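Trainee: Sequence and predicted structure, then a few things I'm wondering about:
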Amino acid sequence: KNITAGYNVSEKDLAMESFDVTAQCEEVYEGNAEVFPCTEPDGEYTLSGCRPIEFCFSPLDLTGYVVRETDLTKSNFNVTVQCDKANGWEGDAKATPCAEDDPPDSHYTVTGCREKVEFCFSPPNLSVRYIVSEHNLTIDGFNVTAICNRAEGYEGTPTATPCSGYADDPFYKIEGCRPLQQCPFSYHECDAKPEKNFAVHSFAAIDAYGRSASGLM
């Protein structure tokens, strides 16, 4: 006989002519146990069909989710999940089992829920190109105004956009200012009228015949 781990075997008759052996998978194994008699005298019968049960373990962090775990085996995975609305999370919750070829200690994943926030936050490292006035940073009453910092060489019409209202995207956005276009020598060397002021000087001169002339430079 050939007894291997994973099988519960009942041997009623080992004679080749009247072979009668049955098997079932042990508690921590799954599959359909099969028994194959030997093909020659004094040979060993063989067992097949049972394999170790593999599990998907719970995620280490379930913050924002309400989870019900019915079956954590890979083959019969059954986990239902909802967003934890009572604590300010919302979305379309989903539980995804670990893959069949994942390592034995793999975890299933939960996705789809986002934490609501009531306020937007100032963008980190806010550019020097903006002069910002934050009047109201709440989601419902968001009111932020800005002008371009011409003293630092920027122009345009800036606009502030509120954040999404979720903790994973908490910063409002501001854009619209660009570097001033400079015309260091003449208006004709720029595609558009220069925005940054530069000095315009007048001059007067007397030619060799005593005639005066004036102009700009």
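Mentor: Done, it's in. Residues are numbered from 1 along each chain as shown.
Trainee: what's the helix or strand harbouring residue 135 in contact with?
Mentor: Following DSSP states H and E, one finds residue 135 within strand 130-136. Residues external to strand 130-136 that are found in contact with it (C-beta atoms under 8 Å, 6 or more residues apart in numbering): 122, 126, 142-149, 154, 158, 160, 174, 177. In short, each C-beta sits where N, CA and C put it, glycine included.
Trainee: Among those, which lie within strands?
Mentor: Assigned to strands by DSSP state E, the following of the contacts of strand 130-136 qualify: 143-148, 154, 158, 160, 174, 177.
Trainee: So what pairs up with residue 95 in the strands?
Mentor: For residue 95, the residues forming beta bridges with it (DSSP bridges) are residue 110.
Trainee: any idea which residue sits dead centre in this protein?
Mentor: The chain has residue 168 as the residue nearest its centroid, 9.1 Å off, counting by C-alpha atoms, centre = their mean.
Trainee: List the contacts of that one.
Mentor: 114-115.
Trainee: Could I get the pLDDT score of it?
Mentor: For residue 168, the model assigns a pLDDT of 93.
Trainee: Next up, phi/psi of it, please.
Mentor: Taking degrees, to the nearest 10, you get phi -80, psi 0 for the backbone angles of residue 168.
Trainee: Could you shift the numbering so residue one becomes 847, and keep it that way?
Mentor: Done: numbering now begins at 847, and the last item shifts to residue 1014.
Trainee: just how off-centre is the helix or strand hosting residue 881 within its chain?
Mentor: Element membership of residue 881 [criterion: DSSP H and E] is strand 875-882. Relative to its parent chain, strand 875-882 has a centroid offset of 42 Å by C-alpha atoms, centre = their mean, to the nearest Å.
Trainee: Can you name the element that comes right after that strand?
Mentor: strand 892-898.
Trainee: relative orientation of that following strand and strand 875-882 in degrees?
Mentor: Orientation check (axes from the mean of the first three to the mean of the last three C-alpha atoms, to 10 degrees): strand 892-898 against strand 875-882 gives 180 degrees.
Trainee: Who does strand 892-898 pair with, and is each partner parallel or antiparallel?
Mentor: Strand 892-898 has its sheet partners listed here by DSSP bridges as strand 875-882 (antiparallel).
Trainee: buried stuff in the strand it pairs with?
Mentor: Neighbour-count burial for strand 875-882, with 16 or more other C-beta atoms under 10 Å as criterion, is recorded at 875-877, 879, 881.
Trainee: residues making contact with that strand?
Mentor: The contact list for strand 875-882 (C-beta under 8 Å, 6+ apart) reads 852-853, 855, 867-871, 891-899, 919, 921.
Trainee: again, 7 Å this time
Mentor: 852-853, 867-871, 891-899, 921 (C-beta atoms under 7 Å, 6 or more residues apart in numbering).
Trainee: In this protein, where is pLDDT below threshold?
Mentor: 847-849, 1029-1063 (pLDDT under 70).
Trainee: try it again with 50
Mentor: Low-confidence regions of the chain, defined here as pLDDT under 50, cover residues 1038-1063.
Trainee: And the helices in it?
Mentor: Chain-ordered helices for the chain, with DSSP state H as the definition, do not occur.
Trainee: Distance to residue 942 added to the buried residues of strand 875-882, as CSV?
Mentor: Shown next, in CSV, are these (distance: C-beta to C-beta, whole Å):
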residue, distance to residue 942
875, 25
876, 21
877, 24
879, 31
881, 37
